[in-house]
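In: sequence first, then the predicted structure:
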Amino acid sequence: MIFALGIDLGGTDIKGAIVSSDGEILRQDRVATEASNGADAVADRIVSLATDLLDSQGASPTEATGLGIGVPGVTRADGTVVLAPNLDWHHVPFKSKLQQRLPGMRVEIDNDANLAALAEARAGIGAGCDTLVLLTLGTGIGGGVVIDGSIHHGASHSAGEVGHMTVLPGGPLCGCGKRGCLEALSATSGMLDHARQSLEAGEKSTLSDVGPLTPKAICDAAHKGDRVATKTIDHVTNYIGIAVANLLNVLSPDVVAIGGGISAAGDLLLNPIVASARTHTLEGLFESTTIGLAELGNDAGSIGGAYLVL
Ligand SMILES: [Zn+2]
């Protein structure tokens, strides 16, 4: 059987999996990242996790086609992590650190959202498709672009920043320092801000009675027909739909996958996103693309890591 190791390096946990060539997880485990101990210690923990996984599968390192790692940050083609805020890494030559520890094994590294997109294109909602764009909705909006079955890195090696498409010039300030990015409007804080503004304007809503306002509370209230919640969902999904339409107009992908924590709301978000995308896409370009929910959830990162080397 052909298999590879996929590692999803996060700020809190390192998730590892042995993944078969058809995208099936054969075995998986996780350890704490302990990023404060530095990049060398993290590399040691990844090697130890990978070795334990291979041992438990009764496999030797030479049997795996390689080890692919997703990092929550900006990476370069040479395997340097330029910036990973959650790990407090700046210009860490992480691929070479792992290669030193795993002589003879192929090691590849990429941005974690890119890997999630690759996983969805190979084994998730887009299984076997050529071109896919993933948008992950959460505290930020990340994503990745797969073209002809491979991650599209572009000239900067950092392509795929779907959350920083300008969808409302002069709009709310984004974490990146610009205004009107999709992320500023439609990620968690944009969603909460919109609901809060309606409540502060005195609009009646069941959301006035809930504890801390969360995306889930808003989605639950919208399910029950709450007007402020419904308006908030309409507002957020309208801008996501505009971003999706822009992607369709430029790339005409086979699939647009919507993932991330907020996407757990399912059709409540998906249907208005599709409606907005349909409104804003050039005629003749809309029907060829499937817009749907990502399928691999929290496993997408490690499955994508494995596909880097499968
Ligand atoms: Zn931005």
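Out: Okay, I see it.
In: any chance you could note which residues of the chain sit beside the ion?
Out: With CB under 5 Å from the ion as the criterion, the chain comes near the ion at residues H164, C174, C176, K178, C181. For glycine as for every other residue, the C-beta is placed from the backbone atoms N, C-alpha and C.
In: can you give me the helices in the stretch 151-300 of the chain?
Out: Read by DSSP state H, counting those that start in this stretch, the stretch 151-300 of the chain holds these helices, from start to end of the chain: 182-186, 188-200, 215-223, 227-251, 267-280, 300-309.
In: same list (these) but as CSV, adding mean neighbour count and mean pLDDT.
Out: What follows is these, written out as CSV (neighbours: other CB atoms under 10 Å; pLDDT from 0 to 100):
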stretch, mean neighbour count, mean pLDDT
helix 182-186, 28, 97
helix 188-200, 17, 96
helix 215-223, 20, 96
helix 227-251, 21, 98
helix 267-280, 18, 98
helix 300-309, 29, 98
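In: would JSON lines of these with distance to A117 be doable?
Out: Putting those into JSON lines (distance: least, CB to CB, whole Å) gives the following:
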{"stretch": "helix 182-186", "distance to A117": "16"}
{"stretch": "helix 188-200", "distance to A117": "21"}
{"stretch": "helix 215-223", "distance to A117": "22"}
{"stretch": "helix 227-251", "distance to A117": "12"}
{"stretch": "helix 267-280", "distance to A117": "17"}
{"stretch": "helix 300-309", "distance to A117": "7"}
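In: that older thread, drop anything exposed from the residues of the chain next to the ion.
Out: The neighbour-count test (16 or more other CB atoms under 10 Å) marks H164, C174, C181 as buried among the residues of the chain next to the ion.
In: spatially central residue for this protein, please.
Out: When the chain is reduced to its mean C-alpha position, the closest residue under CA atoms, centre = their mean turns out to be A113, at 3.7 Å.
In: just want the angle from the helix or strand containing that residue to helix 300-309.
Out: Per DSSP states H and E: A113 is located in helix 112-123. Direction vectors for helix 112-123 and helix 300-309, defined by axes from the mean of the first three to the mean of the last three CA atoms, to 10 degrees, enclose an angle of 70 degrees.
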